[in-house]
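Novice: need a structure here:
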Amino acid sequence: MCPFTLGTDVEVTLGEGIKEGGHYFPIIERNTIIPASRTERFYTTRDDQSKIKIEVLQGESRLARNNLELGVLEVEVPPAKAGQEAVDVTYTYDINSILEVEVKVISTGIKRRQIIKGQYTEMTDEEIEARFKELEYLKIPPRDQEENKLVLLRAERLYAEALGLDREVLEAEIRKFELALNTQDKRLIEKERTKLKEYLDKWEDEL
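Specialist: A predicted model of the protein is given here:
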């Protein structure tokens, strides 16, 4: 399991347009089964902002300054109104205490990547690169994974055939699975997928 939470520094809105930086945003949480990969999307917070800086942090405090900084990545973004430019930040953590951080600018496709090795990691750079190639499958978003797509397609087909209250009930079950997909938590996704499949099986048996 991942021994510490891995995240980054973000700016939050406190209300009435007041923004405050220095808040910690977890990406891979403590006790996550590894290897694991998680992706989060972050947006610009100022008009004409030309860069986004991702501080790679480790720790459990809600304040970024109280956590350990492991590295920093910075990417350029086209100047635009606040919130119009975004980056996808992917953390992939391996059992060998190696963290891969990828930052991709959504509008331009530009990527930055950094490998952060644990203190006692003895793998060579070549071994690390080979290992992360093996872990590419982890980076496929849950919604794009075949087993999840098939269940959603089946549920959508049955929804289209249903009417009235039946539709409302089925939609509630689908939403439970979609919420699980949004967490990117493999165990929770598998649990909710199994529950949805069982529900759909029962639904079809009663038709």
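
Novice: who's in contact with Arg131?
Specialist: Contact analysis of Arg131 by CB atoms under 8 Å, 6 or more residues apart in numbering lists Asp94, Asn96, Ile98, Met123. (C-beta placed from N, C-alpha, C; glycine too.)

Novice: do that again at 10 Å, thanks
Specialist: By CB atoms under 10 Å, 6 or more residues apart in numbering, the residues touching Arg131 are Pro35, Thr92, Asp94, Ile95, Asn96, Ile98, Glu100, Met123.

Novice: doesn't it belong to a strand?
Specialist: No. Remark: Arg131 does not belong to a strand; assigned using DSSP: H, G, I helix; E, B strand; the rest coil, it is helix.

Novice: for it, give its distance to Tyr159.
Specialist: 41 Å (CB to CB, to the nearest Å).

Novice: from the contacts of Arg131, which land in strands?
Specialist: Among these, the members found in strands (DSSP state E) are Thr92, Ile98, Glu100.

Novice: which of these sits closest to Gly118?
Specialist: Checking the ones in strands among the contacts of Arg131 against Gly118 by CB to CB gives Ile98 as the nearest, at 6.6 Å.

Novice: for the closest one, grab the count of nearby residues.
Specialist: 20 (other CB atoms under 10 Å).

Novice: now, the most widely separated pair of the contacts of Arg131?
Specialist: Using CB to CB, the pair of the contacts of Arg131 lying farthest apart is Thr92 and Met123, separated by 14.6 Å.

Novice: more neighbours, these two?
Specialist: Thr92 (23 against 16).

Novice: and that one, how far from Gly7?
Specialist: Distance from Thr92 to Gly7, by CB to CB: 14 Å.

Novice: low-confidence ranges in the protein?
Specialist: Applying pLDDT under 70 to the chain flags residues 207.

Novice: how about the strands in it?
Specialist: 6-15, 18-28, 36-43, 51-58, 68-76, 86-93, 98-105, 111-117.

Novice: okay, those strands in CSV with distance to Leu196 next?
Specialist: Output for these, formatted as CSV (distance: least, CB to CB, whole Å):
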stretch, distance to Leu196
strand 6-15, 30
strand 18-28, 25
strand 36-43, 22
strand 51-58, 34
strand 68-76, 37
strand 86-93, 26
strand 98-105, 30
strand 111-117, 34
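
Novice: perfect, that will be all.
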